[in-house]
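Undergrad: Could you work out the structure for the sequence below:
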Amino acid sequence: MLPSNEKSEKFQDNLQKIEELSKRLIEVLSNKSNENQKFMQADQELVARTGLASLNDMVSNPSKLFESQVSYWGQSLNLWMEAQKSLVDFPTSTETGSKPATQDKRFKNELWDTPYFKLIKDHYFLNSQMIKNYFENIEGLSDSDRKRIEFFSQQITDMLSPANFLATNPEALDKAMKTEGQSLVNGLENLVRDLEKNNGDLQVTLCDPDAFKVGENLATTEGKVVFRNELFELLHYHPTTEKVKEVPLVIIPPWINKYYILDLRPDNSFIKWVVEQGYQLFVVSWVNPDSSHRDVGMDTYTLDGCIKAIDEVCKYTGSKEINAIGYCIGGTLLAMALAYMSKTKTNKVKSATFFTTLIDFTDIGELGIFLGDDFINGVDEILGEKGYLPGKSMANAFSYLRANDLVYGPAIRSYLLGEPPMAFDLLHWNGDSTNLPGRMAREYFHDIIRENLFTNGEYELNGVKLSLEDITMPLSAVACESDHLVDWKVSFNGIRMMKSRSKKLFLAESGHVAGVVNPPTKIKYGHYTNDKNSSSLDEWKEKAEYHKETWWPSWEKWLSTRSGKSLEVGAIKQGDSNLGPAPGTYIHMTI
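TA: Below you'll find the model as predicted:
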């Protein structure tokens, strides 16, 4: 406990800091960018259709609204009665009576089980559930409209959580009292810093910016840049084994973020692990586009990116064929390249692996929320102005698919509790966004996703119509069971549409990133395999064999049989190109 004079000095210092921070806050908000607002709000037609359907529903079935209201008031009354009882019993009672408290991370602090805050919390759960039920049960809405209006209503209920406000967050109030207001000053400093860094847009800093540096404690697997053009750098990793597989392996990562998700730290690096298994490994590191790349399209990424990388690996190693991995949108690109090379009889890919890849966009789950005219028109407007789609805007939009984990949870820790950002490698990578070139983004959203031209055999590239039926080489695919971006069934369905006779599917536990970055040293998430023919993916999963360890070794066993002989490193041809050490220069291009 500080003496009274020291308390007074600290209080005065904090008041002065708050005054200075408030001035900065006003200044940054006055210059706020409205970029994100162009595609992060429901359009008026969607609101109008929902309102009309709701009105018709009430007119045609008035008892429905009455019954829901009666149910709501009954449950609300029960909560008040429980609160009164707990006030009488508190603090002798050990019953919380609030099951959601143990399930929702926002309310895990025991202070939420004190009578006053428990009542606030339980009413919030009740109100949220009523809103959810209301929109789920409106008659007359299309499936796409229902999904989108449910998404936007969920954003409102997430935003209005009592955990998000100082006056109704007991943990934040308790810490403010214990620190004599210092936590609030720290929180305001964090808020102003984030707003200033993002031109007035609220994007919470998820990771300590000083904790990691690419090339020093991230992306440190040794290698060199052996090719560079305006679109990508090609990295070759130094062998660490006496023998290496005859057939080189090339990874085509997504360009919606950076490749080093596969090369974070040495203990969880997929790239390092693959090299240690004795493979000649090459990885594409994409450029971070700006306005000068406005005319770069999907054809450019296919011909001058993916296929060019494959050609350069063959040239560098003297090999006539390679194995390839495509991750996420990099997998979509690889599939397009395979179809093109097969049709033009220029294929050099012996086998292909797809990580969490969408090929068929008929049903894309939660991503469909962003395919309404309001979102697409907003994207087109930004592309027309800038010539590229800003990576931060895209990342911010996707973060609201998991708003409590990626938006409000971090905001509470940073702004209400005044805590510094955590040091977490995956979150550092998540915040290291990349832009998308204008023409490419327009073609991807309109032609590949909305019109599904590639899957339907109607997509033309360089005068050649692409078809999944032309892809016949051995394939493997990894999808993740709880992936919120790429549903595993949809991902596998796209692979099943290809005409390859040899296909191996690996269903990993966990999500889009954690299910892939799952090293064997930590038995954390298992996987499923099933080599038998199944009439449906549900049947495939039901009869699949579960393995408690990661899919990495199982997949490597599959790849090994398609990688040729193991030869002495000295017997393998290697070019003499050396444009600098890995991870190269493009990876350091930030926005």
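Undergrad: quick one: the helices in the stretch 451-591 of the chain?
TA: 488-496, 537-542, 552-560 (DSSP state H, counting those that start in this stretch).
Undergrad: And the stretch 151-300 of the chain, by the same measure?
TA: Taking DSSP H, counting those that start in this stretch to define them, one finds helices in the stretch 151-300 of the chain at 170-178, 182-197, 270-276, 298-300.
Undergrad: closest to Y316 out of these?
TA: Closest to Y316 of these is helix 270-276 (Cβ to Cβ; 16.0 Å). From N, CA and C alone the C-beta is placed, and that goes for glycine too.
Undergrad: pLDDT below threshold where in the chain?
TA: 1-8, 33-42, 90-102 (pLDDT under 70).
Undergrad: Break it down into its structural domains.
TA: Following automatic domain parsing, one finds the domains of the chain at 18-197, 223-365+435-588.
Undergrad: Out of the ones you listed, which is the most enclosed?
TA: domain 223-365+435-588 (a mean of 19; mean count of other Cβ atoms under 10 Å).
Undergrad: Need the domains of the chain in a markdown table (columns: distance to F375).
TA: Formatted as a markdown table, the domains of the chain follow (distance: least, Cβ to Cβ, whole Å):
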| stretch | distance to F375 |
| --- | --- |
| domain 18-197 | 4 |
| domain 223-365+435-588 | 9 |
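Undergrad: so which of those domains comes closest to D210?
TA: domain 18-197 (13.0 Å).
Undergrad: Are we agreed that T346 is in a helix?
TA: No: T346: not assigned to a helix; according to DSSP: H, G, I helix; E, B strand; the rest coil it is coil.
Undergrad: how about a markdown table for the helices of the stretch 451-591 of the chain, with distance to V250 added?
TA: Below are the helices of the stretch 451-591 of the chain laid out as a markdown table (distance: least, Cβ to Cβ, whole Å):
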| stretch | distance to V250 |
| --- | --- |
| helix 488-496 | 19 |
| helix 537-542 | 28 |
| helix 552-560 | 12 |
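Undergrad: Nearest to A219, out of those?
TA: helix 552-560 (18.8 Å).
Undergrad: Excluding chain neighbours, give the residue nearest to D43 in space.
TA: D374 (3.3 Å; Cβ to Cβ, 6 or more residues apart in numbering).
Undergrad: For that neighbour, what is the enclosing helix or strand?
TA: Using DSSP states H and E, D374 falls within helix 373-386.
Undergrad: Going by contacts, tell me the helices and strands next to whichever helix or strand comes after that helix.
TA: Counting by DSSP H and E, the next helix or strand C-terminal to helix 373-386 is strand 388-389. Packing contacts for strand 388-389, counted by 3 or more Cβ pairs under 8 Å, 6 or more residues apart in numbering; DSSP states H and E, involve helix 373-386, strand 436-437, helix 438-443.
Undergrad: Now do the buried residues in the longest one.
TA: In other words, helix 373-386. Across helix 373-386, burial judged by 16 or more other Cβ atoms under 10 Å covers D374, F375, I376, G378, V379, D380, I382, L383, K386.
Undergrad: got those as CSV, with distance to G331 columns?
TA: Shown next, in CSV, are these (distance: Cβ to Cβ, whole Å):
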residue, distance to G331
D374, 28
F375, 23
I376, 23
G378, 27
V379, 22
D380, 25
I382, 26
L383, 24
K386, 27
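Undergrad: just checking, what packs against the helix holding D374?
TA: Helices and strands touching helix 373-386, by 3+ Cβ pairs under 8 Å, 6+ apart, are helix 44-60, strand 388-389, helix 438-443.
Undergrad: Out of the ones you listed, which is closest to E82?
TA: helix 44-60 (31.1 Å).
Undergrad: tell me how far the next helix or strand after the closest one is from the chain's mean position?
TA: Scanning forward in sequence from helix 44-60 by DSSP H and E, the next helix or strand is helix 62-89. Averaging C-alpha positions (Cα atoms, centre = their mean, to the nearest Å) puts helix 62-89 38 Å from its chain's average.
Undergrad: so whatever helix or strand comes next after helix 62-89 versus helix 44-60, what angle?
TA: Counting by DSSP H and E, the element after helix 62-89 in chain order, helix or strand, is helix 115-136. For helix 115-136 against helix 44-60, the angle by axes from the mean of the first three to the mean of the last three Cα atoms, to 10 degrees is 90 degrees.
Undergrad: Against which helices or strands is helix 115-136 packed?
TA: helix 62-89, helix 143-159.
Undergrad: what ranges do the strands span in the stretch 151-300 of the chain?
TA: Along the stretch 151-300 of the chain, counting by DSSP state E, counting those that start in this stretch, strands occupy 223-228, 232-237, 243-245, 249-252, 281-286.
Undergrad: In TSV: those, plus distance to G391.
TA: Output for these, formatted as TSV (distance: least, Cβ to Cβ, whole Å):
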stretch	distance to G391
strand 223-228	21
strand 232-237	17
strand 243-245	35
strand 249-252	19
strand 281-286	12
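Undergrad: my guess is L505 meets L475, correct?
TA: No: distance between L505 and L475: 9.1 Å, which falls outside the contact criterion (Cβ atoms under 8 Å).
Undergrad: Tell me where the stretch 401-550 of the chain has strands.
TA: 436-437, 460-461, 464-465, 475-480, 503-508, 527-529, 545-547.
Undergrad: Please produce TSV containing those, extended by distance to R496.
TA: Formatted as TSV, these follow (distance: least, Cβ to Cβ, whole Å):
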stretch	distance to R496
strand 436-437	28
strand 460-461	23
strand 464-465	21
strand 475-480	9
strand 503-508	7
strand 527-529	15
strand 545-547	19
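Undergrad: List just the one of the ones you listed that sits closest to Q75.
TA: The nearest among the strands of the stretch 401-550 of the chain, by Cβ to Cβ, is strand 475-480 at 36.7 Å.
Undergrad: Mind exporting the C-alpha coordinates of the helix holding D374 to PDB?
TA: Output in PDB follows, covering the C-alpha atoms of helix 373-386 (Å, rounded to 0.1, in the frame of the first residue of the first chain):
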ATOM      1  CA  ASP A 373     -23.400  -8.000 -53.300                       C
ATOM      2  CA  ASP A 374     -22.700  -5.500 -50.500                       C
ATOM      3  CA  PHE A 375     -19.300  -7.100 -49.700                       C
ATOM      4  CA  ILE A 376     -18.300  -7.700 -53.300                       C
ATOM      5  CA  ASN A 377     -19.300  -4.200 -54.400                       C
ATOM      6  CA  GLY A 378     -17.300  -2.800 -51.500                       C
ATOM      7  CA  VAL A 379     -14.300  -4.900 -52.500                       C
ATOM      8  CA  ASP A 380     -14.600  -3.700 -56.100                       C
ATOM      9  CA  GLU A 381     -14.800  -0.100 -55.000                       C
ATOM     10  CA  ILE A 382     -11.600  -0.500 -53.000                       C
ATOM     11  CA  LEU A 383      -9.900  -2.300 -55.900                       C
ATOM     12  CA  GLY A 384     -10.800   0.500 -58.200                       C
ATOM     13  CA  GLU A 385      -9.400   3.100 -55.800                       C
ATOM     14  CA  LYS A 386      -6.200   1.400 -54.800                       C
END
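Undergrad: Sweet, I'm off.
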